[in-house]
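[1] missing the sequence, but the structure's below:
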């Protein structure tokens, strides 16, 4: 496959897999990531793997609902300390 064909193929397949319609900027970044990783593997399974890898890298620093609950509980503890500290 020529480079132009690979770019078109990756864009088409990522568009098919992409479910974050409000983030076309991330879709473009994902395409760029895949093109930088593209090697001898030239199939849909490898491409899907790279999409998951890209999104996983983004989620590394994401805040989970458990993190939010912990932060909320911390803020309550902080407020209690402020109230009851002479």
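    Nice, I can see it. Bear in mind that the values here come from a model prediction, so they are computed numbers and not experimental data.

[2] Point out where the chain drops to low pLDDT.
    41, 78-86 (pLDDT under 70).

[3] got the contact list for stretch 15-33?
    For stretch 15-33, contacts defined as C-beta atoms under 8 Å, 6 or more residues apart in numbering pick out 7, 10-11, 14, 47-48, 50-51, 53-55, 58. (C-beta placed from N, C-alpha, C; glycine too.)

[4] Return the closest of these with respect to residue 64.
    residue 58 (13.9 Å; C-beta to C-beta).

[5] Now do that closest one against residue 27, distance only.
    From residue 58 across to residue 27, the span is 12 Å (C-beta to C-beta, to the nearest Å).

[6] re earlier: greatest separation within the contacts of stretch 15-33: which pair is it?
    Pairwise distances across those (C-beta to C-beta) peak at 21.7 Å, for the pair 7 and 58.

[7] And the helices in the chain, which stretches?
    For the chain, the helices defined by DSSP state H occupy 3-17, 24-37, 44-59, 65-84.

[8] now the ones you listed as a markdown table including mean neighbour count?
    As requested, those are exported to a markdown table (neighbours: other C-beta atoms under 10 Å):
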| stretch | mean neighbour count |
| --- | --- |
| helix 3-17 | 14 |
| helix 24-37 | 15 |
| helix 44-59 | 14 |
| helix 65-84 | 9 |
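
[9] what distance separates stretch 7-27 from the middle of the whole chain?
    Stretch 7-27 sits 12 Å away from the centroid of its parent chain (C-alpha atoms, centre = their mean, to the nearest Å).
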